[in-house]
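Chemist: Curious how this folds, go ahead:
(4 chains)
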Number of protein chains: 4
Amino acid sequence: MGVVGPGEASPDELHAAHDVGRRLAELGAQVVCGGLGGVMEAACRGAKEGGGRTLGLLPGNDRRAANRYVDVAVPTGLGEARNALVVRAADGLIAVGGAYGTLSEIALALKAGKPVVALGSWEIDGVTAAESPADAVERLRSALA
Amino acid sequence: MGVVGPGEASPDELHAAHDVGRRLAELGAQVVCGGLGGVMEAACRGAKEGGGRTLGLLPGNDRRAANRYVDVAVPTGLGEARNALVVRAADGLIAVGGAYGTLSEIALALKAGKPVVALGSWEIDGVTAAESPADAVERLRSALA
Amino acid sequence: MGVVGPGEASPDELHAAHDVGRRLAELGAQVVCGGLGGVMEAACRGAKEGGGRTLGLLPGNDRRAANRYVDVAVPTGLGEARNALVVRAADGLIAVGGAYGTLSEIALALKAGKPVVALGSWEIDGVTAAESPADAVERLRSALA
Amino acid sequence: MGVVGPGEASPDELHAAHDVGRRLAELGAQVVCGGLGGVMEAACRGAKEGGGRTLGLLPGNDRRAANRYVDVAVPTGLGEARNALVVRAADGLIAVGGAYGTLSEIALALKAGKPVVALGSWEIDGVTAAESPADAVERLRSALA
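Modeler: Have a look, this model is predicted:
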């Protein structure tokens, strides 16, 4: 599952992303993200605590830009075009917070017909709003069942 | 300038895209788009009528998928990741109509700090709404002045 | 047609690339290249002198990195992955000089089944060696007839 | 480390790739490859037998195209442009066998200044030839020490 959100995030967003990551890992899902800080790092940290594996698709060429909770870092060198790869690598997305990069990932996922659950993120037609990390993970799980 | 919008569009959207393309060309601007049908084709047709040049960045590998009004077709073979290239090749965007691919381009442009004007398209924070093709072109021109 | 070769080239290579570009343009072919200096710039300069159009697919995000003879500059932002796009945008390649980036383009073209003519470049199985710019253009033209 | 080679390979090439993958894993290295069959599959199978982790960067959009020994499959959707990502994700390459896609990866690695060891593969200036899988792994290890 993909967890998408901004590199600079509020404490609430970080808390939510961490919880989402942990819950996804506990369900046995790999967490895919953009590999950097903020929401991405919090989700990876949660996933590691939940015993899961994390994949970070980085915009630059340097694997070392990955946050420390990324197990497999892929330095794509594609810049923001790597957002399309995050979407391709995920069966569905949970979006936390509302930056523009996140919006591009939401849009690409919806275009590809993949379910998107939003937690304090963009309210776009086609996105399912969730009220908590537990609710978000459950809604994504249901959408993919 | 980029003109973005869906491959399947309403008559009103096609009319607006055609007018936008023509007006951009008359200002001397190159029209950059995704190279396919619908809004993209209408904008290119308008640009050619306005004496301008058109660049189409195609998702597939076959140049022949370009609409007939594309002067320079680039078959990127990147799928939807080519949306990032449309944004990179443009100084600003006019979005016509509201598909998800279009939304991803709007989001990437805003992320890159490029002006986006919407004509019957997504009302996203940071986008400038326009009331007519003439208004859209004028607003984009002003934003880039 | 694609003209590929290094950004830093010898006087002989520059002379050859210029001649190749001019001859391709005189045949009515668009010159596609990586858009930077050296062989790329010489080929574009020749193409403009021959009355043709030039397309430069740049590795970076800044259109202004294109040499002055590029008519349509596409800032792909893909780094060396843009070499694959140069190959996709061309029906065949003429390679001038022997850098590693050039070799990657030769290899991708051969993989795609597109003809490659070499002028003082890599002697790879599947490449047609040419003795002069005129010979190179003629061999590529024949291969595509 | 990257292991690159064709999807259709001879028994000798498959045997060599399998041995290379196992030896890299025993040194603690992750095996990065294009994720498909032939040399890629043999290297991944060896890596799994050696207790290692495997990363497959696929050309298409479907994760299920990965061979069964890929732990982390990334469906890039970039076609052959994904070869650049294989090179970016690896500190160095061992090339087994001599297809054109392999040659493009060798060229991109040399361009990026990364060591390339060849086992029955292209004899390009800058590539280190090896005589056996053990020799190839040792030479790559030395080059990166």
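Chemist: Relative to C:I106, how far out is A:Q30?
Modeler: 37 Å (C-beta to C-beta, to the nearest Å). To be clear about C-beta, it is placed using only N, CA and C from the backbone, and glycine gets the same treatment.
Chemist: Neighbour count: these two, which is higher?
Modeler: C:I106 (28 against 21; other C-beta atoms under 10 Å in any protein chain shown).
Chemist: Quick one: residues contacting that one.
Modeler: C:V4, C:L93, C:A95, C:V116, C:A118, C:S121, C:W122, C:I124, C:V127, D:L103 (C-beta atoms under 8 Å, 6 or more residues apart in numbering or on different chains).
Chemist: Just the ones in strands from those residues, please.
Modeler: C:V4, C:L93, C:A95, C:V116, C:A118 (DSSP state E).
Chemist: Greatest separation within those residues: which pair is it?
Modeler: Comparing all pairs in the ones in strands among the contacts of C:I106 by C-beta to C-beta, the longest separation belongs to C:V4 and C:A118, at 9.9 Å.
Chemist: For those two, indicate the residue with more neighbours.
Modeler: Using other C-beta under 10 Å, the more surrounded residue of C:V4 and C:A118 is C:V4, with 31 against 23.
Chemist: from memory that one sits against C:G34, does it?
Modeler: Yes - with contact defined as C-beta atoms under 8 Å, C:V4 reaches C:G34; the gap is 7.0 Å.
Chemist: Overlap of the contact sets of the two?
Modeler: Both C:V4 and C:G34 are contacted by C:M40, C:V86, C:G101, under the criterion C-beta under 8 Å, 6+ apart.
Chemist: out of those residues, who's nearest chain D?
Modeler: C:G101 (5.2 Å; C-beta to the nearest C-beta).
Chemist: which non-adjacent residue is nearest that closest one?
Modeler: Distances taken as C-beta to C-beta, 6 or more residues apart in numbering or on different chains put D:K111 closest to C:G101, at 5.2 Å, once the chain neighbours are dropped.
Chemist: Then A:K48?
Modeler: That would be A:Y69: by C-beta to C-beta, 6+ apart, it lies 5.0 Å from A:K48.
Chemist: next one: A:C33
Modeler: A:M40 (4.3 Å).
Chemist: picking that back up, in JSON lines: the ones in strands among the contacts of C:I106, plus pLDDT and distance to B:V137.
Modeler: Shown next, in JSON lines, are those (pLDDT from 0 to 100; distance: C-beta to C-beta, whole Å):
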{"residue": "C:V4", "pLDDT": "98", "distance to B:V137": "38"}
{"residue": "C:L93", "pLDDT": "98", "distance to B:V137": "39"}
{"residue": "C:A95", "pLDDT": "98", "distance to B:V137": "43"}
{"residue": "C:V116", "pLDDT": "98", "distance to B:V137": "44"}
{"residue": "C:A118", "pLDDT": "97", "distance to B:V137": "47"}
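Chemist: Throw those into a markdown table and include distance to chain A, thanks.
Modeler: Output for the ones in strands among the contacts of C:I106, formatted as a markdown table (distance: C-beta to the nearest C-beta, whole Å):
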| residue | distance to chain A |
| --- | --- |
| C:V4 | 20 |
| C:L93 | 23 |
| C:A95 | 24 |
| C:V116 | 25 |
| C:A118 | 28 |
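Chemist: Identify the contacts common to C:V4 and C:A118.
Modeler: Both C:V4 and C:A118 are in contact with C:I94, C:A95, C:I106, where contact means C-beta under 8 Å, 6+ apart.
Chemist: OK, contacts around the second one?
Modeler: Think C:A95. Applying C-beta under 8 Å, 6+ apart, the residues near C:A95 are C:V4, C:G5, C:T102, C:E105, C:I106, C:V116, C:V117, C:A118, C:L119, C:S121, C:W122, C:V127.
Chemist: Buried subset of these as a ChimeraX selection?
Modeler: Command for ChimeraX that selects the buried part of the contacts of C:A95, burial taken from 16 or more other C-beta atoms under 10 Å in any protein chain shown:
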select /C:4,5,102,105,106,116,117,118,119,121,122,127
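Chemist: For A:K48, state which of the contacts of C:A95 is nearest.
Modeler: For the contacts of C:A95, the nearest to A:K48 is C:E105 (40.8 Å; C-beta to C-beta).
Chemist: Low-confidence stretches in chain A?
Modeler: Applying pLDDT under 70 to chain A flags no residue at all.
Chemist: Quick check: buried residues in the helix or strand encompassing A:H15?
Modeler: Per DSSP states H and E, A:H15 falls inside helix A:11-26. With burial defined by 16+ other C-beta under 10 Å, the residues of helix A:11-26 counted as buried are A:E13, A:L14, A:A16, A:A17, A:H18, A:D19, A:V20, A:G21, A:R22, A:R23, A:L24, A:A25.
Chemist: Contacts only, for the residue nearest to C:G101.
Modeler: With C-beta under 8 Å, 6+ apart, D:K111 has these contacts: C:E80, C:A99, C:Y100, C:G101, C:S104.
Chemist: Out of those residues, who's the most crowded?
Modeler: C:S104 (29 neighbours).
Chemist: what's the closest non-adjacent residue to it?
Modeler: D:A107 is the one closest to C:S104 (C-beta to C-beta, 6+ apart), at 3.8 Å.
Chemist: and that neighbour, which of the three is it?
Modeler: With DSSP: H, G, I helix; E, B strand; the rest coil as the basis, D:A107 sits in helix.
Chemist: Quick check: it vs D:R82, distance?
Modeler: Taking C-beta to C-beta as the measure, D:A107 falls 15 Å from D:R82.
Chemist: do A:G50 as well
Modeler: For A:G50, the distance to D:R82 (C-beta to C-beta) stands at 30 Å.
Chemist: In terms of neighbours, single out the busier of the two.
Modeler: Ranked by neighbour count (other C-beta under 10 Å), A:G50 and D:R82 place D:R82 first, with 25 against 19.
Chemist: dump the residue contacts of the more buried one.
Modeler: D:R82 neighbours (C-beta under 8 Å, 6+ apart): D:G34, D:L57, D:L58, D:P59, D:T76.
Chemist: ok, now with 6 Å
Modeler: Residues in contact with D:R82, defined by C-beta atoms under 6 Å, 6 or more residues apart in numbering or on different chains, are D:L57, D:P59, D:T76.
Chemist: which SSE is it in?
Modeler: helix D:82-88.
Chemist: what are the C-alpha coordinates of that helix, in PDB please?
Modeler: Only the C-alpha atoms of helix D:82-88 are listed here, as PDB (Å, rounded to 0.1, in the frame of the first residue of the first chain):
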ATOM      1  CA  ARG D  82      14.000   1.600 -16.600                       C
ATOM      2  CA  ASN D  83      17.500   0.400 -17.500                       C
ATOM      3  CA  ALA D  84      18.700   3.800 -16.200                       C
ATOM      4  CA  LEU D  85      17.000   3.100 -12.900                       C
ATOM      5  CA  VAL D  86      18.700  -0.300 -12.500                       C
ATOM      6  CA  VAL D  87      22.000   1.500 -12.900                       C
ATOM      7  CA  ARG D  88      21.000   4.200 -10.400                       C
END
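Chemist: Off-centre distance for that helix?
Modeler: 11 Å (C-alpha atoms, centre = their mean, to the nearest Å).
Chemist: ok, now stretch A:68-86?
Modeler: Centroid displacement of stretch A:68-86 relative to its chain, using C-alpha atoms, centre = their mean, is 12 Å.
Chemist: Between the two ends of it, what distance do you get?
Modeler: Stretch A:68-86 stretches 18 Å from its first residue to its last (C-alpha to C-alpha, to the nearest Å).
Chemist: again with stretch A:119-132
Modeler: 7 Å.
Chemist: Show residues contacting that stretch.
Modeler: For stretch A:119-132, using C-beta under 6 Å, 6+ apart, the contacting residues are A:16, A:95-98, A:103, A:106, A:110, A:116-118, A:136, A:139.
Chemist: Stretch A:66-79 too?
Modeler: Against stretch A:66-79 from outside (C-beta under 6 Å, 6+ apart): A:35, A:37, A:41, A:44-45, A:48, A:53-59, A:61-63, A:82, C:77-79, D:55, D:72, D:74, D:85, D:88-89.
Chemist: Please point out which parts of that stretch sit buried.
Modeler: So for stretch A:66-79, counting by 16+ other C-beta under 10 Å, buried means A:66-67, A:69-79.
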